[in-house]
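*Asks:* what follows is a predicted protein model with its sequence.
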Amino acid sequence: MASRRYDLRALHEAGHAAAAVRLGVPVVSVELREGVGAVCLMDRPKYITTPTAAYATAILSAAGWTAETMVGREPTAATCQDDRERFDRAAAFACPDDRRGQQDFKRRAEEGAFRLLLAKWDAVVSLAVALTDRRRLTGAEVFAVLSPGG
């Protein structure tokens, strides 16, 4: 039986991957890189063009740091900088020139990421363990861990 130990970066990326699978965004691969790098590659549009895409982008962005906070860890700025920038751009697209609206949008997106991860938490942790052990998983391997039969 595999150890339930995982690298915190793996949990962060597992959060992104779980959100992507749940939202129907194809995951290409997830990997831990030497040093501090980690990446979850998704096949998603580069630009936000609709409010629905903005909300999905915000959830995908928040899912990484949300997974970290769910285990009582404070996400580091370095691991979340790109995520925060995408999150802020999504809110600005959804609610241009409306700071209160942007704050509400962000709150709802973070709550959505939390609910999504909580519903699949055991699978998210299993994915983090597998990623820690193997360092790289394909999209098919990610889907197999996170799917109902996986």
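*Replies:* Thanks, I have it.
*Asks:* what's near enough to touch the closest residue in space to G139 that isn't next to it in sequence?
*Replies:* If the residues on either side of it in the chain are set aside, G139 comes closest to V27, at 4.2 Å by C-beta to C-beta, 6 or more residues apart in numbering. Every C-beta, even on glycine, is put in place using the N, C-alpha and C of the backbone. V27 is in contact with 17, 20-21, 40-43, 139, 142-143, counting by C-beta atoms under 8 Å, 6 or more residues apart in numbering.
*Asks:* then C40?
*Replies:* C40 touches 13, 16-17, 20, 27, 29-30, 64, counting by C-beta under 8 Å, 6+ apart.
*Asks:* of these, which belong to strands?
*Replies:* 27, 29-30 (DSSP state E).
*Asks:* now, which of the residues you listed sits nearest D98?
*Replies:* Using C-beta to C-beta, V27 comes nearest to D98 of the ones in strands among the contacts of C40, at 32.4 Å.
*Asks:* quickly list what that closest one is bridged to.
*Replies:* M42 (DSSP bridges).
*Asks:* could you shift the numbering so residue one becomes 486, and keep it that way?
*Replies:* OK, 486 is where the count begins now, so the last one is V512.
*Asks:* what about it, distance to E596?
*Replies:* 23 Å (C-beta to C-beta, to the nearest Å).
*Asks:* over to A615?
*Replies:* Taken as C-beta to C-beta, the span from A615 to E596 is 27 Å.
*Asks:* out of these two, which sits in the busier spot?
*Replies:* Remark: of A615 and E596, A615 carries more neighbours, 20 against 13, as counted by other C-beta atoms under 10 Å.
*Asks:* look up which helix or strand that one falls in, please.
*Replies:* Counting by DSSP states H and E, the element that carries A615 is helix 606-619.
*Asks:* for the chain, what spans make up the helices?
*Replies:* Here the chain has its helices, by DSSP state H, at 493-508, 536-555, 562-579, 584-604, 606-619, 624-631.
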